[in-house]
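Engineer: fold the following for me, if possible:
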Amino acid sequence: MDFAASTLPLIGVLAYPEIDPVLIEIGPIVIRWYALAYIGGLFFAWWYLARLSEHKDAPLSRRHADDFLLWATAGVILGGRLGYVLFYNPMFYLENPLAVLRLWDGGMSFHGGLAGVVLGVIWFARNNGIPVFRMADLIACTAPVGLFLGRMANFINGELWGRVSDVPWAMVFPGAGPEPRHPSQLYEAALEGLVLFAILFCMVHYTNARRYTGLLTGTFFVGYGLARIFVEFFREPDAHLGELGGFITMGQILSLPLLAFGGYMLAHGYREWHKSKA
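Structural biologist: Below is the predicted model:
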């Protein structure tokens, strides 16, 4: 449905709350909401991992949680940026290599950041004598809050908006034309962030799921994969990519392996649980 700008007040479109993407600017010092989202997500992950390490059956100690913060930071930033460069616009960055350093221009890829953290977990766990997948189970519980903050930063930046829609909560995003669109960033913040965090929080604190290797990791991978694939139906595809083959987005393609791996980990955890009951 095509809406002219003059008709917007008549259809109950929600006003987009335009917030300056720059929180503080003092001379050359610029602090952006986007950067704060990553900092906040990483520090929450460190704090929560430290709390989880206090469980008597935890596979790592508080010292390990402190030390892993550096590896998690490197994995998220390097993996996230390289993932965006390779998955979403490789030709542009091949022609403009210095643009890779402009993290606020183009953004980050969750799938790339995830790959970076996975490599960090494998390296760190093996070098500290920690079972890789038991450590991964705890790391998985910390990730959704970072996803929530990141998607809220996308919303503040007015980027990664949704497809044109006439739902009552549609918004007109600056730079996206006059048509009202799904606020798909908020859908992702809710599903990948709040809902997934609540599920993992209940599993780790109110069940014995952490005793069975893979249940928490599998839940995170499957939960994220399903949420991302679902929301992609409401999110505008990247303009330079569109829908690949006319029916699937890059985000959905990259999420399919996460579903497969998550399913494998859930099956592994279920087998451990079944053996404990035998």
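Engineer: and I156, what pLDDT?
Structural biologist: Per-residue confidence at I156 stands at 93 (pLDDT).
Engineer: show me where this structure has its strands.
Structural biologist: 22-26, 29-32 (DSSP state E).
Engineer: among the ones you listed, which is the most enclosed?
Structural biologist: strand 29-32 (a mean of 13; mean count of other Cβ atoms under 10 Å). From N, CA and C alone the C-beta is placed, and that goes for glycine too.
Engineer: what sits up against it?
Structural biologist: P21, V22, L23, I24, E25, W104 (Cβ atoms under 8 Å, 6 or more residues apart in numbering).
Engineer: what does stretch 221-235 give?
Structural biologist: Against stretch 221-235 from outside (Cβ under 8 Å, 6+ apart): 110, 140, 147, 160-163, 165, 182, 184, 187-188, 191-192, 195-196, 199-200, 249, 251-252, 255-256, 258-259, 261-263, 265-266.
Engineer: make a PyMOL selection of whichever of those residues turn out to be buried.
Structural biologist: Only the buried entries of those go into this PyMOL selection, using 16 or more other Cβ atoms under 10 Å:
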select buried, resi 110+140+147+160+161+162+165+182+184+187+188+191+192+196+199+200+249+251+252+255+258+259+261+262+265+266
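Engineer: in helices, which of the contacts of stretch 221-235 fall?
Structural biologist: Using DSSP state H, the subset of the contacts of stretch 221-235 located in helices is 110, 140, 147, 184, 187-188, 196, 199-200, 251-252, 255-256, 258-259, 261-263, 265-266.
Engineer: do a quick rundown of the helices in the protein.
Structural biologist: Going by DSSP H, the chain shows helices at 33-52, 62-88, 90-95, 110-127, 132-157, 184-188, 196-206, 215-231, 250-277.
Engineer: for A239, find the nearest of the ones you listed.
Structural biologist: Evaluated with Cβ to Cβ, the helices of the chain place helix 62-88 nearest to A239, the distance being 10.7 Å.
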